[in-house]
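**Q** Just to be clear, the model below is a prediction. Sequence and coordinates:
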Amino acid sequence: MRALPFIAVGLAAVVAAFGLACAPAASTLTAAGAGAGGGSAGAAATGSGRAGSSGGSTGAAPAGTGGASGVSGASGVSGASGVSGAAGASGAGGGAGTAGAAGATGGGPGGGGSGNADAAPDRPAAIDASADATGDAGAGAALAPVLPVPTADQVAWQRLGLTAFFHFGMNTFTGDEIGDGTASPSVFNPAGLDPGQWIATLQGAGFKQGTLVVKHHDGFCLWPTKCTSYSVAASPWMGGKGDVVKAYTDAAHAAGFRVGLYLSPLDNHAADSSSGAGYPAKFTCMLNEILTGYGAVDELWLDGHDAPGIDWSGMYATIRQLQPHALIAITGPDIRWVGTEDGTAPLGETSVQAGMPSLGQPSGPVWFPSESDVSIRPGWFYHPSEDTALKSLSALTDIFFNTVGRNSVLILNIPPNTSGVLAAPDVARVGQLGAALKGLFATNLAAGRTATADSMLAAGYEPARALDGNLDTFWAAAPGTTSGRLEIDLGATRTIAIVDVSEPIAFGERAKKYHVEVQGVGATTWTTVATGTVIGERNLIRLTAAASARKLALVIEQAAGAPAIAELGVY
């Protein structure tokens with residue numbers, strides 16, 4: 001089994017029950033992907049839709065999310081007079097004085113690095129005037145965020161939903177799961193290494209990102225590092241001139257596939273033991289190499305095994321400096337482990353957690369979304385004996401619904417074999433999963449239909465916005481409301497098996513309790529077919545029995561602020 005986190009993550013939701021009144025300044029709205037402060041916009045494409053559906057590409061950050069200043073702090077969110085007070089009021093910020101420097105009074109949408117502590121100022125949260133997201137700059141109203149809120153990079157990552165893990169290294173050749181660091185580099189020789197095959201397989205099934213294990217607990221490095229002699233440079237593969245990390249990152253960047261790198265803090269190799277006094281310097285050396293030599297890195301996995309002596313606060317600062325947009329996962333402030341490795345996130349999974357100062361977070365509520373890791377095989381590394389023991393298509397489909405469909409991001413491990421390619425059974429099963437998911441979400445019965453609601457924030461937040469296939473537009477209820485009803489007329493009696501609902505998480509998690517109702521043709525009453533609590537980035541509801549109905553309603557019974565729905569799909 002892969003190492004378990006050494007830091008216990010509290011799973012209780014700590015949802016802030018207050019919002020900000022964001023007064024927009026229409027005259028200063030900027031082009032999509034650029035903020036008024038001139039900051040980076042993260043993965044700044046617009047018109048983002050759900051993977052497998054119409055409406056654009058997944059993983060894009062909302063429009064108008066840029067701006068170098070933070071959301072909270074001395075000056076606060078831009079607008080007529082600034083709205084937040086002391087630094088860190090939003091549960092974000094990186095410490096006093098780092099956020100809110102621009103957009104103090106009367107400025108345009110200030111953008112800013114709201115989210116978790118240590119957030120880089122050019123990793124802005126998408127809570128500028130929400131007119132940016134709806135495209136209605138003159139609407140004169142904006143959705144008040146429910147704090148805390150994510151950074152733009154966290155939004156883009158959560159929209160991925162489906163990502164991959166590539167456990168590959170010395171264990172692939174020794175048959176181990178956790179090596180003790182004594183295996184000779186001479187056994188490492190993936191003669192047919194082809195990361196392009198990995199990526200093509202995953203992209204064909206709808207995956208958008210893959211995380212490569214570049215050093216596991218045995219300490220063997222998959223790049224020719226200068227930090228230790230225990231690496232591919234000492235192997236016979238390519239005469240010691242090979243570099244697995246370069247081969248992978250080059251292929252990924254060429255294919256538009258997001259890059260994750262996993263670096264284990266634990267090191268069992270005797271000469272580089274993580275229990276040694278000199279190890280923190282070696283680990284920092286390794287971090288510098290992988291974060292400066294291989295282009296953009298979107299996620300850095302720091303597994304949970306402890307390495308005494310590492311200054312994590314200083315390490316996070318180094319990572320932010322070298323890769324400002326890389327989300328730091330597991331032993332880090334941006335992404336947390338869901339708590340299991342069986343492909344199941346809890347019902348009601350929330351991205352709002354109690355901050356952990358040990359991870360550089362403030363002690364109040366922070367945005368800390370979860371990642372659910374599971375392997376397609378019994379083990380994490382490739383073993384020929386497991387070629388016939390892969391998870392079934394049915395099991396993988398359940399895992400998708402129990403992770404992605406529960407507001408978590410799935411990272412499915414598909415380990416390359418000793419040749420350096422994904423084995424045929426794995427390729428086939430991944431292809432089956434992709435085809436199955438594409439089929440399930442091929443026809444959205446709600447697309448283009450008539451939607452109504454019991455209230456609306458303003459022009460630009462109409463109910464139809466929840467049916468347009470664009471996650472960057474949304475229906476929002478009237479200010480001051482904490483409940484709402486969104487109805488869809490499907491045009492004829494339809495058989496409903498799945499309901500797919502998403503909030504505009506750039507404005508925080510809002511729903512606390514909801515249910516779904518259906519009504520048949522000519523009926524005067526509604527029937528409740530599903531219930532839920534947190535919605536967040538995505539809730540997928542599989543009805544226990546398919547329902548025949550002409551109308552469907554999403555009823556938000558309780559919310560932390562005015563209800564808002566980015567997409568409501570029916571399948």
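**A** Perfect, thanks for sending it. Not measured: the values here are computed from a predicted model. Numbers count the residues shown, from 1 in each chain.

**Q** Let me see the backbone angles for the nearest residue to Phe173 once chain neighbours are set aside.
**A** Leaving aside its chain neighbours, Phe173 sits nearest to Val187 (4.5 Å; criterion: Cβ to Cβ, 6 or more residues apart in numbering). Heads up, the C-betas are built off the backbone N, CA and C, glycines and all. Main-chain dihedrals, Val187, degrees, to the nearest 10: phi -80, psi -10.

**Q** Which residues are in contact with Val187?
**A** Contact analysis of Val187 by Cβ atoms under 8 Å, 6 or more residues apart in numbering lists Met170, Phe173, Thr174, Ser235.

**Q** what residue ranges in this protein score low on pLDDT?
**A** 1-48, 50-140 (pLDDT under 70).

**Q** ok, now which ones touch Trp526?
**A** Glu517, Val518, Gln519, Ala553.

**Q** repeat for Glu462
**A** Contacts of Glu462 (Cβ under 8 Å, 6+ apart): Ala451, Met456, Trp475.

**Q** Same check on Val529?
**A** Neighbours of Val529 in contact, by Cβ under 8 Å, 6+ apart: Ile496, Val516, Glu517, Val518, Leu543, Ala547.

**Q** Kindly report the same for Leu486.
**A** Counting by Cβ under 8 Å, 6+ apart, Leu486 has contacts Ala451, Thr452, Ala453, Pro463, Ala466, Trp475, Ala553, Leu554, Ile556, Ile565, Leu568.

**Q** want to throw those into a markdown table with distance to Leu490?
**A** What follows is these, written out as a markdown table (distance: Cβ to Cβ, whole Å):
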| residue | distance to Leu490 |
| --- | --- |
| Ala451 | 11 |
| Thr452 | 13 |
| Ala453 | 16 |
| Pro463 | 14 |
| Ala466 | 14 |
| Trp475 | 17 |
| Ala553 | 11 |
| Leu554 | 13 |
| Ile556 | 20 |
| Ile565 | 17 |
| Leu568 | 12 |
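
**Q** on that earlier part again, got a winner among the contacts of Trp526 for most neighbours?
**A** Val518 (23 neighbours; other Cβ atoms under 10 Å).

**Q** And it, how close does it get to Leu490?
**A** 9 Å (Cβ to Cβ, to the nearest Å).

**Q** Please enumerate the shared neighbours of the two.
**A** Common contact partners of Val518 and Leu490 (Cβ under 8 Å, 6+ apart): Ala549, Lys551, Leu552.

**Q** which one's the longest strand in this structure?
**A** strand 539-559 (DSSP state E).

**Q** Packing partners of whatever helix or strand comes next after it?
**A** Using DSSP states H and E, the next helix or strand after strand 539-559 towards the C-terminus is strand 564-565. Under the contact definition 3 or more Cβ pairs under 8 Å, 6 or more residues apart in numbering; DSSP states H and E, strand 564-565 sits against strand 475-476, strand 484-502.

**Q** Need the winner for burial among these.
**A** Among those, the stretch with the highest mean neighbour count (mean count of other Cβ atoms under 10 Å) is strand 475-476, at a mean of 30.

**Q** Neighbouring strands - and their directions - for that strand?
**A** strand 564-565 (antiparallel) (DSSP bridges).

**Q** which other residues reach the strand it pairs with?
**A** 143, 461, 466, 474-477, 486, 501-504, 507, 510, 535, 554.

**Q** still on that earlier bit, any chance of TSV for the contacts of Glu462, columns distance to Ala164?
**A** TSV is the format used below for the contacts of Glu462 (distance: Cβ to Cβ, whole Å):
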residue	distance to Ala164
Ala451	35
Met456	40
Trp475	33
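
**Q** which one of the residues you listed sits closest to Gly314?
**A** Trp475 (44.5 Å; Cβ to Cβ).

**Q** Contact partners for the closest one?
**A** By Cβ under 8 Å, 6+ apart, the neighbours of Trp475 are Ala451, Ala453, Met456, Tyr461, Glu462, Pro463, Ala464, Arg465, Ala466, Leu486, Ala564, Ile565.

**Q** Pull out the buried members of those.
**A** Neighbour-count burial (16 or more other Cβ atoms under 10 Å) applied to the contacts of Trp475 gives Ala451, Ala453, Met456, Tyr461, Glu462, Pro463, Arg465, Ala466, Leu486, Ala564, Ile565.

**Q** Give me the contacts around the helix or strand that contains the first one.
**A** What it means is Ala451. Ala451 is part of strand 450-453, with elements assigned from DSSP H and E. Identification of contacts with strand 450-453 by Cβ under 8 Å, 6+ apart yields 462-464, 466-467, 475, 477, 484-489, 491, 568.

**Q** Going by distance to Gly240, which of the contacts of Val529 wins?
**A** Of these, the one sitting nearest to Gly240 (Cβ to Cβ) turns out to be Leu543, at 57.4 Å.

**Q** Was I right to think that closest one contacts Glu517?
**A** No. The criterion here is Cβ atoms under 8 Å, and Leu543 misses it with Glu517 at 12.0 Å.

**Q** before we move on, the earlier item: tell me the one among the shared contacts of Val518 and Leu490 nearest to Thr249.
**A** So of the shared contacts of Val518 and Leu490, ranked by how close each gets to Thr249 (Cβ to Cβ), first place is Leu552, at 44.3 Å.

**Q** which residues touch the closest one?
**A** Applying Cβ under 8 Å, 6+ apart, the residues near Leu552 are Ala446, Glu487, Ile488, Leu490, Ile496, Val499, Val516, Glu517, Val518, Gln519, Val570.

**Q** My guess is the fourth one contacts Lys551. True?
**A** Yes. The pair Leu490 / Lys551 is scored as a contact, 6.6 Å apart, by Cβ under 8 Å.

**Q** tally of neighbours for the spatially closest residue to Pro190 that is not a sequence neighbour?
**A** Of all residues not flanking Pro190 in the chain, Gly420 sits nearest, at 3.2 Å (Cβ to Cβ, 6+ apart). By the criterion of other Cβ under 10 Å, Gly420 has 21 neighbours.

**Q** Distance-wise, check Gly420 relative to Pro265.
**A** Using Cβ to Cβ, we find Gly420 at a distance of 26 Å from Pro265.

**Q** What of His325?
**A** Distance from His325 to Pro265, by Cβ to Cβ: 22 Å.

**Q** In terms of neighbours, single out the busier of the two.
**A** The residue with more neighbours, out of His325 and Pro265, is Pro265; 24 against 20, by other Cβ under 10 Å.

**Q** shouldn't that one be in contact with Thr331?
**A** Yes. Using Cβ under 8 Å, Pro265 is in contact with Thr331, at 6.6 Å.

**Q** Overlap in contacts, these two.
**A** In contact with both Pro265 and Thr331: Leu302, Asp303, using Cβ under 8 Å, 6+ apart.

**Q** Helices along the chain, start to end?
**A** For the chain, helices defined by DSSP state H occupy the ranges 131-134, 152-160, 170-174, 195-204, 244-255, 279-292, 312-322, 393-403, 424-440.

**Q** buried stuff in stretch 299-310?
**A** Counting neighbours by 16+ other Cβ under 10 Å, stretch 299-310 gives Glu299, Leu300, Trp301, Leu302, Asp303, Gly304, His305, Asp306, Ala307, Ile310 as buried.

**Q** Alright, that wraps it up for me.
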